[in-house]
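Peer 1: missing the sequence, but the structure's below:
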């Protein structure tokens, strides 16, 4: 500190407290905002799977996931893994899957927009501290 100049930061404690409190609101807001995204993604995946009886397409649905919401395929259908991944009986193995993962990866930018909007909305609504000291 040349010449004895001193910098004082006011409101740091309040800012830290506000940021921590706001951060606890972001994840639930993203999860809530993602519900319609997951429903739309499930519909896109269902539209891509082969349809013989329609059971596999009907099985594609939004589902709870750790820290949010996801999309599942094939719940209760023994053949779902073979359709999605292959690996036997003349169906080549596709480790990343044929329908769910590629469709989800293609929608990554859309999900980012949903998450950013949820974060922005919570930031706008948060009662941030102000200090006049």
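Peer 2: Everything's here; your move. Quick caveat, the model's predicted, so the values are computed rather than measured.
Peer 1: and residue 67, what does it touch?
Peer 2: Residues in contact with residue 67 (C-beta atoms under 8 Å, 6 or more residues apart in numbering) are 27, 31. The way it works is simple: take the backbone N, C-alpha and C, and place the C-beta from them, glycine included.
Peer 1: what's the closest non-adjacent residue to residue 71?
Peer 2: Distances taken as C-beta to C-beta, 6 or more residues apart in numbering place residue 42 nearest to residue 71, at 4.8 Å, with adjacent residues excluded.
Peer 1: Now the phi/psi pair for residue 65, please.
Peer 2: Residue 65 adopts backbone torsions of phi -140, psi 160, taken as degrees, to the nearest 10.
Peer 1: any idea how far residue 71 is from it?
Peer 2: According to C-beta to C-beta, to the nearest Å, residue 65 and residue 71 sit 9 Å apart.
Peer 1: Same drill for those two, tell me which one is more crowded.
Peer 2: residue 71 (23 against 13; other C-beta atoms under 10 Å).
Peer 1: In which helix or strand does the more buried one reside?
Peer 2: strand 68-72 (DSSP states H and E).
Peer 1: Quick check: buried residues in the helix or strand following that strand?
Peer 2: Per DSSP H and E, strand 68-72 leads on to helix 80-85 as the next helix or strand towards the C-terminus. Buried residues in helix 80-85, counted by 16 or more other C-beta atoms under 10 Å: 80, 83, 84, 85.
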